[in-house]
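Enquirer: whatever this is, show me its structure:
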Amino acid sequence: MLVYICSPYRAKTKKGIKKNIETAKKLGKEIFDLGLNYIPIIPHLNFSFMEKEDEKTRERILSFCGQLVSICDMVYVNNEKGITKGMEYEIKIAKKLGKGIVYKLA
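Expert: Residues are numbered from 1 along each chain as shown. Okay, here's the model as predicted:
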């Protein structure tokens with residue numbers, strides 16, 4: 001089962017972005033460690049090479065994330081810091097496609 005990790009990426013600083021990537025990696029490990037044949041899909045790692053993103057690039061990346069959501073069976077949402085606009089988009093697609101959505105408990 002493919003599980004999409006939906007968690008904040010953007011931050012005001014590079015350090016903040018790195019922290020968000022580390023958080024997403026930890027969430028992926030949580031899913032993996034369940035031992036239930038869950039395969040975490042972590043978009044933060046797919047696009048972490050992007051140093052700066054203009055609005056056109058951001059829209060392109062969100063489109064790719066939407067495609068990843070569409071092939072996943074479930075979306076695991078980290079809402080500890082709230083829901084970002086990018087996360088809203090991913091959740092909206094998941095709902096539209098009838099994907100299972102699980103919210104991380106604090």
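Enquirer: looking at this, Ser63 is in a strand?
Expert: No. Going by DSSP: H, G, I helix; E, B strand; the rest coil, the assignment for Ser63 is helix, not a strand.
Enquirer: tell me the pLDDT at it?
Expert: The per-residue pLDDT reported for Ser63 equals 93.
Enquirer: Glu51 too?
Expert: Looking at Glu51, its pLDDT is 64.
Enquirer: only C-alpha atoms, please: export the lengthiest helix in the chain in CSV.
Expert: The longest helix of the chain (DSSP state H) is helix 14-33. Backbone C-alpha positions of helix 14-33 (Å, rounded to 0.1, in the frame of the first residue of the first chain) are rendered in CSV as follows:
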residue,chain,number,x,y,z
LYS,A,14,16.7,27.0,4.6
LYS,A,15,17.1,25.7,8.2
GLY,A,16,13.3,25.6,8.4
ILE,A,17,13.0,23.7,5.2
LYS,A,18,15.6,21.2,6.3
LYS,A,19,13.6,20.7,9.5
ASN,A,20,10.4,20.1,7.6
ILE,A,21,12.2,17.6,5.4
GLU,A,22,13.5,15.8,8.5
THR,A,23,10.0,15.8,9.9
ALA,A,24,8.6,14.2,6.7
LYS,A,25,11.3,11.6,6.8
LYS,A,26,10.4,10.7,10.4
LEU,A,27,6.7,10.4,9.4
GLY,A,28,7.8,8.1,6.5
LYS,A,29,9.7,5.9,9.0
GLU,A,30,6.6,5.8,11.3
ILE,A,31,4.6,4.4,8.4
PHE,A,32,7.4,2.0,7.4
ASP,A,33,7.8,0.8,11.0
